[in-house]
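>>> Sequence first, then the predicted structure:
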Amino acid sequence: MINYVIFDMDGTLFDTEPLYKEAWIKTLVDWNLPDPEGLHPLFVGTGEAEIIEILKKAGGEHRDYSSIFSYRDEHYYYKLIEKSIPLKAGCVEILEFLREKGIKIALATSTHAKTAHGNLKKAGVFDYFDKIVTGDMIQHGKPAPDIFLTAGELICADPDETIVCEDSFSGIKGAHAAKMKPVMVIDQLSPTPEIAKLTYGIGNSLFDVIDLIKKENKYI
């Protein structure tokens, strides 16, 4: 029985990963970092502290990378999303479905609270969530399980009854480490054999997750 669902935000509910990719690549070029196209996939679903470590390995320890995130947002990302937040197929439908069935909903996003809350409100889906956990609320980002454990605790979730919807490898690893049921909703990345072994299910859209829950909970 599935009684709890935890969602990632970007790439899972929101079709924002292509926008982040564009913003990141332009930022990495501006900062004269090597192989922007190769670096970006390492950032998907990853927390800021972890990204900084990746940048240090690529560009050297001598640089202060803490301001690269605000540079990315102010110079590129905010301009790309200023009109609207693009939703993934099935986003509203799955949130409505879960609300109708009385299934608790939490958000676990590496994005910081100000941006996450603002984007959720702009997209019109903020009020669906029972609890929201953001990257600045935890010490260790994905692939550590911290963000999922925190979200689960806030909605009093039983891990055996909890699906985690994720589009990134780091998110799947974190959900698995939290002993929850990871479901990969394919976006920019397709699951490798290693990642597939960690999942409870794999879908091409959130509509597939609705079908999975219906089957698991024996809804007619």
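Ah, there it is.
>>> ranges for the strands of this structure?
4-7, 104-109, 131-134, 162-166, 181-185, 201-203 (DSSP state E).
>>> Which helix or strand in this structure has the lowest average pLDDT?
The weakest-scoring helix or strand in the chain, judged by mean pLDDT, DSSP states H and E, is helix 78-81 (a mean of 86).
>>> rewinding a little: dump the strands of the chain to CSV, plus mean neighbour count and mean pLDDT.
Placement of C-beta: from N, CA and C, glycine included. Written out in CSV, the entries for those read as follows (neighbours: other Cβ atoms under 10 Å; pLDDT from 0 to 100):
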stretch, mean neighbour count, mean pLDDT
strand 4-7, 27, 98
strand 104-109, 25, 98
strand 131-134, 21, 98
strand 162-166, 27, 98
strand 181-185, 25, 98
strand 201-203, 18, 97
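>>> which one of those strands lies closest to residue 28?
For those, distance to residue 28 was read as Cβ to Cβ. The smallest value, 21.9 Å, belongs to strand 104-109.
>>> what residues are up against residue 77?
19-20, 23 (Cβ atoms under 8 Å, 6 or more residues apart in numbering).
>>> Which of these fall within helices?
Where the contacts of residue 77 overlap with helices, as defined by DSSP state H, the overlap consists of 19-20, 23.
>>> quick one: which of those is nearest residue 82?
Using Cβ to Cβ, residue 19 is the member of the ones in helices among the contacts of residue 77 that lies nearest residue 82, at 10.8 Å.
>>> now the residue nearest to the closest one when sequence neighbours are not counted: how far from residue 13?
Spatial nearest neighbour of residue 19, excluding adjacent residues (Cβ to Cβ, 6 or more residues apart in numbering): residue 80 at 4.4 Å. Summarising the geometry, the distance separating residue 80 from residue 13, computed by Cβ to Cβ, to the nearest Å, is 17 Å.
>>> neighbour count winner among these two?
Neighbours around residue 80 and residue 13, counted as other Cβ atoms under 10 Å, are more numerous at residue 13. The numbers are 28 against 15.
>>> ok, for the more buried one, nearest residue in space, not its chain neighbours?
Residue nearest to residue 13 in three dimensions, not counting chain neighbours: residue 91, with 5.0 Å by Cβ to Cβ, 6+ apart.
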